[in-house]
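> Quick one, structure for this:
(chains A, B, C and D)
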There are 2 protein chains.
Amino acid sequence: MKLEDVARRARVSITTVSRVLNNTAPVKNSTRARVLKAVKELRYHPNLYARTLAGGKNSTLGMVVSNLENPFFLDIFRALESDAHQHGYEVLVANTDYSPRRLVSSIHLMMGRRVSGLAVIVSEMDPSLMRELTGLNQRIIFYDVGRPARNISNIRVSYEKGIQKTVEYLYLMGHRRMAFVGHHTGLTPLLDREKSFIDTMKRYKGEVEYATAADHDGPRGGQLATRQLLESGFRPTAIIVINDFMALGVLKELRESGLRVPADVSVTGYDNIGLSEFTCPPLTTVNIPRVEIGHLAFDALVLQGDETWARGREFRINPELVIRETTGAAPGAR
Amino acid sequence: MKLEDVARRARVSITTVSRVLNNTAPVKNSTRARVLKAVKELRYHPNLYARTLAGGKNSTLGMVVSNLENPFFLDIFRALESDAHQHGYEVLVANTDYSPRRLVSSIHLMMGRRVSGLAVIVSEMDPSLMRELTGLNQRIIFYDVGRPARNISNIRVSYEKGIQKTVEYLYLMGHRRMAFVGHHTGLTPLLDREKSFIDTMKRYKGEVEYATAADHDGPRGGQLATRQLLESGFRPTAIIVINDFMALGVLKELRESGLRVPADVSVTGYDNIGLSEFTCPPLTTVNIPRVEIGHLAFDALVLQGDETWARGREFRINPELVIRETTGAAPGAR
DNA sequence: AGCATCCCTGTAAGCGTTTGCAAGTTGACG
DNA sequence: CGTCAACTTGCAAACGCTTACAGGGATGCT
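Down below sits the predicted model:
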């Protein structure tokens, strides 16, 4: 089913059909009607591949994320997609499951699709990939990884600041034994988060004890990491979780171990995903404005005039502590 | 950056480059090396549009879902995608937010992309869309909507059976005042679910009272619907929620109203999404094998020989009750 | 009637790949 | 050293669409 078939049936040239389909030049009303009729009768749909190839334009954006299951990423995607649709763009998503190999292949796939902009919202990185991407003729925006360049912009959230605020707050509440639950510590950005925690802990040297544990991203991972923590014998009065998604599982494990939250143990998450309001009790967390990040990504990829983006920008976002009900005074604190 | 550029740099014809890139014919080792070197140096990535157009093959599948935020859909997607990758396919997702208009445009987009198979996992439908899709030269598999045809297969879960099992169980536990919380009652398949509930209720006519409420899909929707229910003055001892995702909010609203689960009110969900184990208490629900559905979809779209699929099949799946801790004896039941 | 104008429509040249066919090279063998 | 098969490589025609350019019919004006 191609343009030619429609053209034949409508007794016009394929050019005319193309024109009515794209509204790209005036066509006599009677002709237009005939064409439209043929299109409908034949259930014709223009071949997007041919169209893109011929037209030279491409109105799709690509987005690569680490874990679509984690609502954090999905929220960014939705914000980006919403902007995109408003401007006639489509968004293609790819999921890497935190695997650098899949990151590379996903990005290559996107390049093959000649997306007109690429948002890479991941925590893993491949050493040679950055080199390959830098200076390319392709607009890219990174979150959490990567460095700015002519064609690359970055969105940065100071994870550390969020951790500091959290720890300070917990310290003031009397907590002196804290633990950090993370995931994928093999990946630099994720290990850095753990380091942020440790560095902050060191500032209270002598006053606080701490431990860390890790498992995969997700509720189950949070649960397993917590179990591991508890089995190690360390008894934290506060657990700082790398993100809300894992915190769901931390809460469950605590509950099942007979530990009350926050009476016995305080818990904090990170991201402030929608679900964090629905945990029991509602989760204290650090807000990362995912919608804003999505919009930022779109702006950087599409809106910014070619002059501005010519020099990659760096956007900084400050996280804010959101105190809900999983945190309270440390047990025994005066 | 095109084949020609690579060819020039490697001092060969574009045909040769194409051949080494696709391993589609023997190429002298020295030549191959030269080509590969040029490819790397130029950071060349084949244009997928041109490739698909010329090659006539397309190894992408399309998937359209109602609400990616609801883990139910995401689980199916992941299962499908996993199979797809194993067989060298890609999967493109589109989200409709339960809007028939977006369903139509998403499907048209997929047809434009000439996907080699299309999975439509939605609850909304457009009257003329079915007609348009039937008999098309395009493999399609529907879940929840649509009817089989030459090119269309269907996956069906008897929602009603799940509801019946749930209600029977609750009835045995002494519950006599039940409520149903749903969403998007404007859409037939979703209204049917409510009807399943009502019909089941009617079988206990005289013995039970019931009510229904609805809001949008998601925890917040569940919360709002529950609030509305409670404000109506009706005091159910059991709430049957259309899906687990909404049940998250139902639990929260109950908790905030000072109602204990399951002591005062029992709650059941539907789908058995991963999160349902992490609610507090863990959610009694009805299992729908999402992974199986994803695999089924892939098989129907890709694996089934052209003979088999020539006559659209219908797959039936039976849901199973999974009893966890949000359900118990009705208050005051002997 | 002659001619410039405006509309509408068609012709044909790409867009970047794949691929059937044919030509050129190489090497083994007699 | 000639012959032929086996390897390699290149040429050119699609793939389905967009678009610059040109052509043809009305229309309006002189």
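> Where does pLDDT dip in chain A?
A:305-311, A:334 (pLDDT under 70).
> residues in it within reach of DNA strand C, list them.
Residues of chain A lying close to DNA strand C (C-beta under 7 Å from any atom of the strand) are A:11-16, A:19, A:25-28, A:30-32, A:50, A:53-54, A:56. Where C-beta positions appear, they are placed from N, C-alpha and C, glycine not excepted.
> Report the entries of the residues you listed that also contact chain B.
Counting by C-beta under 8 Å from any C-beta of the partner chain, A:50, A:53 from the residues of chain A next to DNA strand C sit close to chain B.
> Which among the residues of chain A next to DNA strand C count as buried?
Neighbour counting over the residues of chain A next to DNA strand C (16 or more other C-beta atoms under 10 Å in any protein chain shown) leaves A:12, A:16, A:19, A:27, A:31-32, A:50, A:53 as the buried ones.
> Of these, which belong to strands?
If you go by DSSP state E, these have nothing in strands.
> Near A:Gly294, how many other residues are there?
24 (other C-beta atoms under 10 Å in any protein chain shown).
> ok, now A:Val181?
32.
> and if you look at A:Arg43?
A:Arg43, neighbours per other C-beta under 10 Å, totals 15.
> hey, where'd the strands end up in the stretch 151-300 of chain A?
A:152-157, A:177-183, A:209-215, A:238-241, A:266-268, A:285-287 (DSSP state E, counting those that start in this stretch).
> Any idea which of the ones you listed gets closest to B:Met1?
Closest approach to B:Met1 among these is made by strand A:152-157 (17.7 Å; C-beta to C-beta).
> tell me which residues in the closest one are buried?
A:152-155, A:157.
> Extract the C-alpha trace of that strand and format it as PDB.
Presented in PDB, the C-alpha positions along strand A:152-157 are these (Å, rounded to 0.1, in the frame of the first residue of the first chain):
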ATOM      1  CA  ILE A 152      26.000  18.200  25.100                       C
ATOM      2  CA  SER A 153      24.100  19.900  27.900                       C
ATOM      3  CA  ASN A 154      23.900  18.600  31.400                       C
ATOM      4  CA  ILE A 155      21.400  18.500  34.200                       C
ATOM      5  CA  ARG A 156      22.900  18.100  37.600                       C
ATOM      6  CA  VAL A 157      21.300  17.600  40.900                       C
END
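> ok, residues contacting it?
Strand A:152-157 has contacts (C-beta atoms under 8 Å, 6 or more residues apart in numbering or on different chains) with A:133-134, A:139-144, A:146-148, A:288, A:293, A:296-297, A:300, A:309, A:312-319.
> how many neighbours does the residue of the stretch 151-300 of chain A found nearest DNA strand D have?
Residue of the stretch 151-300 of chain A nearest DNA strand D, by C-beta to the nearest atom of the strand: A:Phe298 (23.4 Å). Counted with other C-beta under 10 Å, residues neighbouring A:Phe298 total 25.
> circling back to that earlier point, just the residues of chain A next to DNA strand C that are near DNA strand D?
Of the residues of chain A next to DNA strand C, the ones that also sit near DNA strand D (C-beta under 7 Å from any atom of the strand) are A:14-15, A:19, A:50, A:53-54, A:56.
> From the residues you listed, which land in helices?
A:14-15, A:19, A:50, A:53-54 (DSSP state H).
> Among those residues, pick out the one closest to A:Lys161, please.
A:Leu53 (46.9 Å).
> residues touching A:Lys37, list them.
Here A:Lys37 is in contact with A:Ala10 (C-beta under 8 Å, 6+ apart).
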